[in-house]
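Asks: Test case, fold it:
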Amino acid sequence: MRKIFVLSALVGCGGGGESATPDAAPACTPPAASSTCVEDITVAGMRAAGAAITYTAAPADGPRFRVVLPREGSVAAPALHLATLRKGSSFLLPITDATVSADRVELSVEELGTYQLVTPATAPAERTYTYRAIAGVSMGGFAAAGIGLRSPAKWDLVADLGGDPGPSSHYVLTMISDYLFGGFCPSGGLCAGDQRAVYAGQHELSSSFEKFVYQSGQGVGLTLNRNLYMKATRDLARALGNPALYNPADPYLPPGVPASWLALPDRCASPVVLQGFHDRRFNPDGSLPVITFCDGGDGSRLGLGVFDPELPQENPIEVALAVDRNRNGRRDSGEPVLAQAGEPFADVGLDGKASSQEAGYDAATNPDPAGDDWHPLRNPAGTENNHWRDEGESYEDVGLDGVAGTCQMPAAGCFDHGEGDGRFTLNPGLARWMANDAGLNLTAMDAAQRARIAVYADAGIRDFFNSHVATSTMVGKMATLGMPIAMWNGFPRLGGATSEDRYDFEKVMWGQMAPNVFVRYGNPDATTPQIEAGDGRHVGTPVQLVARLTTVFAWIDSRWPNGDRTRADVTGDLYLDGQRFVSPTTGREIPYAVALPPGYHTSTARYPAVFFMHGYGMSPDDLLPPVALMATYMGEGRLQKMIMVFVDGRCREGDGCEAGTFFMDSPVSPQAQMETHLYQLRAEIERLYRLK
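Replies: Model (predicted):
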C-alpha cells in the first residue's frame, strides 16, 4: 500500500494529541456557525485526534448531513475513527463519504450531534499475511463473510459482494420473522400495515408472506416469483437448518413431520395435520390444527410474488407450518405461517424501560430519551429494539411456543423445548445461522485478529433481500468494535468522480481511507426508468456491475504489499475451466476453475490467491468471463498478479438440494459438506500451483 504523507500543522480546532494538554492545545475555532467546540469524547482504547464538535445544523446530503471535523495531521488517515456521543453514551461509527485533507475531514453523518475524530491509543502490531483472500457474489458473498470471519487466521481479506442472505444473520432472521414470514393478525387475516416500520434512512424494503418483493426489469439476476422464494427457502434450510421451527429429531423438517412425508408423490394433497400445537400469537390454546402446506402459484392477476388463492398451490414449502383456521386441510389467504425463534423477552434495552416509559418521552420531539434505540448505523450500540436479548433484559421461561404450561403435540410425545429450564432459550435450529453472523464472529475475535483481517462489502440500496441493511448492521458492529471502516454511498464518491460513467477504480485513494470498506451503491433519487434498468438492485446496472468487479479486485490489490506488477502478455493457457477434484472425505466430485496471472508460465514467482464463490444457480465457469478483464489489468501492471480460484457451490447429484448449497457444511446431506470441500480444494490448489 502506498505511504501517505500528511502535514503536521493543526489548523482550526486543535488538540487531542498524545502530548497535548488542556493548556497546550490550540484554541478551538468551530468550523461552522452551527457548530460548537465541546469536551473530548471518551472511548475506551482511543485518544482524540482532533477536537470534539457539536453540530446543531449542517448542509443536507440526501437524508444525511455534511460536517467538518478537525484532524490532527500527524495521525494517518486510515487510523482515524469517528466517535459520537448520544444521550451521554459514547461509541464509534463508520466514517462515511469522507473528503480528507491535512487538517480536517469532511464527512456525512446520519443525524446531527456531537462528533470527534479519534485514533487507537496504542500502535497496532506489525501486519502479517497469509496471502489468501475469500470473496464471493450473492450466495457466494454470504458464504465468504461467514467462512472468512469464522476463521480469521486463515484469510487476510474477506470480500462480500451483495451477499444474500446478508452477513448479519441477526438482521436476516429478524427480517424473515418480521417480513418474509410476517404480515398476519393474531386474531386472523392480514396485518401487513401493522408490521415493524422500516429503519430510517436505510432504503429497507418491507414485504410479507403473501406479498414477496418482486422487481421487474433489469439488474435483479433472478426472477423473483413465489416458486423461487420457496426453492431458496428450502435450500437455505438444507444448508443451515430450519430457522423457523425446532425439531430435535430433524434439522430440516418441522416438529411432528415425519421424514417419510417427503417421499409422498403428492404432498400437497396429503398434508401432515398436527393437533395440540401451541403458538403464542396464532394458536395459544392449541385448539386449531397446524398443517404442512404448499405455495408457489405464480400469475399476473395479482402480480408476481403475490399469493393468489385462486391459483393451484403445488410447491411444498417443507420447512414451515401454517395454522389451518378454517380446517379445510390447506393454507388459505390470511392463515398465518409459524416462526418460533426463541422465548418471549422484553426488547427494551438495559434500562428495563421502553422508550415511551422513559422520562421526557415525546413521540415527535424526544422519541428516544435514553438514547438506547438500536439503529444499524445511527446507534449500532443500542440495545432497545435490536431484536436480540441482551443480558439483563427480562424474558419468560415458557419454551419456544411462548405459552406457559403447555404440552406441545401430546399425541407425538409432549415436548416444549426450553420451558422451565431456568435460562433464556433460542431455537437451537438457529445455531448454524448464527455461526455465520458477522457481528458474533467479529466479537469473538481478539483485538489483534480484528486488526489483521480486512473486510470489503458492497450492496445495492434496492436489493430485494435487503442485503444493504444486513451489511450496514455488520458495518455498524465493526465500528463499535474499533475496526476502522470507510463507508461510501456510491462508487463515484469512492473514486472522486462526478458520475458513475466517469468512475475509475485506479483513482480511488485507498491509502487515505480505512482498510475496511463498504460501498452502498444506487441513486436514492433514481427515476423509474433508471430503476427498471437496475439502479441499486441486487446485480445493478451494467456500469455498476463493472464498478463492483473492478473495485473489489483493486481493494484486494491495495491490501497486499509488494505485489508483482511486471508487464506480461495475456497469452498462454491461463484460464483453466472444467477442472475436477474429488473430496477425500465425502467422495464428491468438485468442479472448479482457475485463472492464472499473465506471465505465470514463464516465471518462477509465487502469487497470492483469491478464492471466489459464485451466486445462486451459477457454477464456477460462469465467473470466468466477467473477470477476464482482471487478467488484462494484471498484464498491464494496473493490478498486481494473483491467482483466482472459482469454487463450486452449485447443487450436484447426491447433494440433496435444488440450486445452491450456500457453500456450507449441510446438516442434512452427508455429501454437501461444502466448507470442508473449500479447504480441501485450497490444499489441492496450494499443491498444484505456486502460491505465495
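Asks: Low-confidence stretches in the stretch 1-150 of the chain?
Replies: The stretch 1-150 of the chain contains residues with pLDDT under 70 at 1-26.
Asks: Please enumerate the helices of it.
Replies: 139-150 (DSSP state H, counting those that start in this stretch).
Asks: try the chain
Replies: 139-150, 169-175, 226-240, 431-434, 438-444, 447-452, 467-480, 491-495, 528-532, 542-559, 624-635, 674-688 (DSSP state H).
Asks: Now render those as a markdown table, adding distance to residue 323 and mean neighbour count.
Replies: Yep, even glycine has a C-beta here, placed from its N, CA and C like the rest. Output for these, formatted as a markdown table (distance: least, Cβ to Cβ, whole Å; neighbours: other Cβ atoms under 10 Å):
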| stretch | distance to residue 323 | mean neighbour count |
| --- | --- | --- |
| helix 139-150 | 31 | 28 |
| helix 169-175 | 21 | 25 |
| helix 226-240 | 18 | 23 |
| helix 431-434 | 24 | 19 |
| helix 438-444 | 32 | 20 |
| helix 447-452 | 45 | 16 |
| helix 467-480 | 29 | 27 |
| helix 491-495 | 47 | 22 |
| helix 528-532 | 37 | 13 |
| helix 542-559 | 42 | 22 |
| helix 624-635 | 46 | 18 |
| helix 674-688 | 35 | 17 |
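Asks: right, and the ones you listed - which one's nearest residue 110?
Replies: helix 467-480 (10.2 Å; Cβ to Cβ).
Asks: just to revisit the earlier point, who wins for proximity to residue 663 among the helices of the chain?
Replies: Proximity to residue 663 (Cβ to Cβ) singles out helix 139-150 among the helices of the chain, at 3.5 Å.
Asks: how about residue 627, what does it touch?
Replies: 549, 553, 595, 612, 644 (Cβ atoms under 8 Å, 6 or more residues apart in numbering).
Asks: do that again at 7 Å, thanks
Replies: Going by Cβ atoms under 7 Å, 6 or more residues apart in numbering, residue 627 touches 549, 595, 644.
Asks: low-confidence ranges in the chain?
Replies: Using pLDDT under 70, the chain drops low at 1-26.
Asks: Could you check how many residues crowd around residue 223?
Replies: 13 (other Cβ atoms under 10 Å).
Asks: Which residue ranges make up the domains of the protein?
Replies: 1-123, 132-168+437-559, 575-688 (automatic domain parsing).
Asks: distance between the ends of the shortest one?
Replies: In this case it means domain 575-688. Domain 575-688 has an end-to-end distance of 15 Å (criterion: Cα to Cα, to the nearest Å).
Asks: try the longest one
Replies: As for domain 132-168+437-559, its first-to-last residue distance stands at 11 Å under the measure Cα to Cα.
Asks: From the chain's centroid, how far away is it?
Replies: Computed by Cα atoms, centre = their mean, to the nearest Å, the separation of domain 132-168+437-559 from the middle of its chain amounts to 9 Å.
Asks: what does the first one give?
Replies: From the chain centre to the centre of domain 1-123 is a distance of 28 Å (Cα atoms, centre = their mean).
Asks: on that earlier part again, with the contacts of residue 627 in mind, which one is nearest to residue 351?
Replies: Out of these, the member with the shortest distance to residue 351 (by Cβ to Cβ) is residue 549, at 46.2 Å.
Asks: Test my guess that that closest one contacts residue 626.
Replies: Yes: contact status for residue 549 versus residue 626: in contact at 5.9 Å, counting by Cβ atoms under 7 Å.
Asks: neighbours of the closest residue to residue 397 other than its chain neighbours, just the number please.
Replies: Leaving aside its chain neighbours, residue 397 sits nearest to residue 420 (6.0 Å; criterion: Cβ to Cβ, 6 or more residues apart in numbering). Per other Cβ under 10 Å, the neighbour tally for residue 420 reads 10.
Asks: cool, and the one 10 residues further on?
Replies: Residue 430 is flanked by 21 other residues according to other Cβ under 10 Å.
Asks: related to what we said a few turns ago, with respect to residue 329, which of the domains of the chain lies nearest?
Replies: domain 575-688 (25.9 Å).
Asks: And the residue nearest to residue 397, how far from residue 434?
Replies: 24 Å (Cβ to Cβ, to the nearest Å).
Asks: Next: residue 686.
Replies: 31 Å.
Asks: how close does residue 396 sit to residue 60?
Replies: With Cβ to Cβ as the criterion, residue 396 and residue 60 are 44 Å apart.
Asks: neighbour-wise, which of those two wins?
Replies: residue 396 (15 against 10).
Asks: Verify the contact between that one and residue 389 for me.
Replies: No: counting by Cβ under 7 Å, residue 396 stays clear of residue 389, with 11.0 Å between them.
Asks: Could I get the full set of strands for the stretch 451-600 of the chain?
Replies: 454-460, 485-488, 516-521, 575-582, 589-595 (DSSP state E, counting those that start in this stretch).
Asks: Repeat that for the stretch 51-200 of the chain.
Replies: 52-55, 60-61, 64-70, 81-86, 89-93, 95-100, 104-109, 114-120, 132-137, 157-161.
Asks: quick revisit: out of the strands of the stretch 451-600 of the chain, nearest to residue 138?
Replies: strand 454-460 (10.5 Å).
Asks: Check which helices and strands that closest one sits against.
Replies: The contact analysis (3 or more Cβ pairs under 7 Å, 6 or more residues apart in numbering; DSSP states H and E) places strand 454-460 against strand 157-161, helix 467-480, strand 516-521, helix 542-559.
Asks: Show me the contact partners of the third one.
Replies: Residues external to strand 516-521 that are found in contact with it (Cβ under 7 Å, 6+ apart): 94, 454-461, 468, 471, 475, 478, 483-491, 494, 536, 540, 544, 551, 555.
Asks: Kindly format the C-alpha coordinates of that strand as CSV.
Replies: The C-alpha coordinates for strand 516-521 follow below in CSV (Å, rounded to 0.1, in the frame of the first residue of the first chain):
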residue,chain,number,x,y,z
ASN,A,516,-12.3,-2.0,5.8
VAL,A,517,-14.7,-0.6,3.1
PHE,A,518,-18.4,-0.7,2.4
VAL,A,519,-19.9,0.7,-0.8
ARG,A,520,-23.6,1.1,-0.8
TYR,A,521,-24.5,1.8,-4.4
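Asks: what separates residue 258 from residue 245, distance-wise?
Replies: Counting by Cβ to Cβ - residue 258 and residue 245 are separated by 14 Å.
Asks: And for residue 92?
Replies: 38 Å.
Asks: Kindly report the same for residue 339.
Replies: The value you get for residue 339 to residue 245, if Cβ to Cβ is used, is 7 Å.
Asks: again with residue 71
Replies: Residue 71 is 52 Å from residue 245, by Cβ to Cβ.
Asks: Then residue 408?
Replies: 11 Å.
Asks: Enumerate every residue touching the closest residue to residue 400 other than its chain neighbours.
Replies: Leaving aside its sequence neighbours, residue 400 sits nearest to residue 340 (Cβ to Cβ, 6+ apart; 4.4 Å). Listed by Cβ under 7 Å, 6+ apart, the contact set of residue 340 reads 244-245, 279, 400-401, 427.
Asks: And these, which of them are buried?
Replies: The neighbour-count criterion (16 or more other Cβ atoms under 10 Å) marks 244-245, 279, 400-401, 427 among the contacts of residue 340 as buried.
Asks: Which member of these is positioned nearest residue 655?
Replies: residue 244 (22.3 Å).
Asks: Could you check how far the closest one is from residue 436?
Replies: 17 Å.
Asks: buried stuff in stretch 82-99?
Replies: Those would be 82-86, 90-98, for stretch 82-99 by 16+ other Cβ under 10 Å.
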